[in-house]
Structures are given as C-alpha cells and as structure tokens.
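S.K.: okay, predicted coordinates and the sequence, questions at the end:
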Amino acid sequence: MSRLNYIVTYDIANPKRLRKVFKACKDYGLHLQLSVFECDLSAAEKIDFESRLRRLIDREEDQVLFIALGSSESRGERVITALGQSYYKVDLPCFVA
C-alpha cells in the first residue's frame with residue numbers, strides 16, 4: 001500500500017473548533033509547530049482524515065491545507081532547518097486564550 005507524506009496546517013476561527021481540529025490532527029500525524037502537522041497517510045487514511053475534518057470545520061470561516069511532500073518510501077530522512085528560534089519537537093496541548 002502506497003503512503004504519502006503531507007504537511008497539514010490549519011487556520012480555525014473558533015476556539016472550540018480549533019481544539020477539536022488539533023485533536024483530530026494529533027490522531028493522524030506528528031505535531032511540528034502550533035497549527036502544523038506532518039502526516040504519513042495511505043489513500044484511505046487521508047479520506048478518513050479529510051472526512052473527519054469536514055465535520056469539524058466551518059467552511060466559511062476555517063481553512064485546512066494538505067501539502068503533499070511525495071511518497072513516504074522515497075522521502076528519505078526528514079531534515080528540518082529553522083530561521084530565528086530553533087526547531088524543537090512540539091508535543092504540547094493546544095491552548096487558546
């Protein structure tokens with residue numbers, strides 16, 4: 001089964017929906033930064049994930065982007081570089097003020 005690697009990022013207008021989208025993304029991927037996740041998904045998992053997100057978001061106010069990075073098998077080692085603050089693995093809960 002072929003798997004693709006995605007960067008999933010979102011902009012959610014409502015704090016309650018934001019928390020739900022954050023939790024959904026944690027179920028499917030690795031939390032990289034605030035509203036950014038790296039997800040390694042099969043075609044079926046992507047369909048399930050998108051379906052779950054569609055039920056959570058308001059299509060008029062919110063946005064979720066899936067950025068395809070290509071095949072997981074040929075991806076190689078992940079290399080993340082940062083400008084400004086250093087990159088570090090984020091695994092904190094989502095807080096909304």
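M.R.: That came in fine, so what should we check first?

S.K.: partners of Thr9 in the sheet?
M.R.: Val36, Leu65 (DSSP bridges).

S.K.: give me every residue that touches it.
M.R.: Going by CB atoms under 8 Å, 6 or more residues apart in numbering, Thr9 touches Ser35, Val36, Phe37, Val64, Leu65, Ile67. All C-beta spots, glycine's among them, are computed from the backbone N, C-alpha and C.

S.K.: buried residues in stretch 34-51, which are they?
M.R.: Ser35, Val36, Phe37, Glu38, Cys39, Leu41, Lys46, Phe49 (16 or more other CB atoms under 10 Å).

S.K.: I'd guessed the fifth one sits against Phe49; true?
M.R.: Right, Cys39. Yes. If you go by CB atoms under 8 Å, Cys39 and Phe49 touch, sitting 7.2 Å apart.

S.K.: need the overlap of contacts for those two.
M.R.: With CB under 8 Å, 6+ apart as the test, Cys39 and Phe49 both reach Tyr28.

S.K.: got TSV for the contacts of Thr9, with pLDDT and distance to Tyr10 too?
M.R.: Below are the contacts of Thr9 laid out as TSV (pLDDT from 0 to 100; distance: CB to CB, whole Å):
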residue	pLDDT	distance to Tyr10
Ser35	94	5
Val36	95	9
Phe37	96	9
Val64	94	4
Leu65	94	7
Ile67	92	12
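
S.K.: most widely separated two among the residues you listed?
M.R.: Spanning the widest gap among those are Ser35 and Ile67, at 12.8 Å by CB to CB.

S.K.: just checking, Arg17 is part of a helix?
M.R.: Yes. Checked against DSSP: H, G, I helix; E, B strand; the rest coil, Arg17 lies within a helix.

S.K.: ok now do it, which residues does it touch?
M.R.: Arg17 touches Leu56, Ile57, Asp58, Asp62, counting by CB under 8 Å, 6+ apart.

S.K.: which of the helices or strands spans the third one?
M.R.: Going back to what we said before, that points to Asp58. Under DSSP states H and E, no helix or strand contains Asp58.

S.K.: and Glu61, helix, strand or coil?
M.R.: Following three-state DSSP, Glu61 is assigned to coil.

S.K.: skipping its backbone neighbours, what lies nearest it in space?
M.R.: Spatially, and ignoring its direct neighbours in sequence, Glu61 is nearest to Ala13 (4.0 Å; CB to CB, 6 or more residues apart in numbering).
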